[in-house]
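**Q** take this sequence and fold it.
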Amino acid sequence: MEGEDIRWKQRFRNFNKSLELLESALKIEQPDVVQKAGIVQFFEMCCELSWKVMKDYLEDQGFTEIGTPRNAIKKSFEIGLIEDGHAWMDLLVDRNLSVHTYDEEKANSLDLLIHTKYIQLFQKLRNMLSTK
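**A** Now for the predicted structure:
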């Protein structure tokens, strides 16, 4: 069990680093297209690490069969690790779209969602896991 505990904490440290990069990138006023692409990339990293840290934490707590992002989000919501399950599902959908398609209009729309909605989800997860 000790190895699993270390695993989620290591993943959490990586999540924190990626979130710090995203937070820093979001401070750029009027980012150019390359900077927006960087913001989207940092968002994608945070998405990937957030569901994986949820999964690792849940497994450490004894939950099984949490192999997908959707299952990790659902179970995390059920146990109170995250508050807004619907917003996390929206985040997952937008992350999947960002990985598979790119156009400037979608990038601008995603940039707005990252600034106004998704950054807070990541920050709340960080705050919650910091207490564990």
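**Q** with Glu29 as the reference, measure out to the most centrally placed residue in the chain.
**A** The residue lying closest to the centre of the chain (Cα atoms, centre = their mean) is Cys47, at 3.1 Å. In this view, Cys47 and Glu29 are 24 Å apart by Cβ to Cβ, to the nearest Å. Just so you know, the C-beta spots here come from the backbone N, C-alpha and C atoms, and that holds for glycine as well.
**Q** return the set of buried residues in the lowest-mean-pLDDT helix or strand in the chain.
**A** Least confident helix or strand of the chain, by mean pLDDT, DSSP states H and E, is helix 104-113 with a mean of 85. For helix 104-113, the neighbour count (16 or more other Cβ atoms under 10 Å) marks Ala107, Leu110, Asp111, Leu113 as buried.
**Q** what's the helix or strand containing Leu121 in contact with?
**A** Mapping Leu121 onto the secondary structure by DSSP states H and E places it in helix 119-130. Helix 119-130 is contacted from outside by 12, 15-16, 19, 22-23, 26, 46, 50, 53-54, 57, 81-84, 87-88, 91, using Cβ atoms under 8 Å, 6 or more residues apart in numbering.
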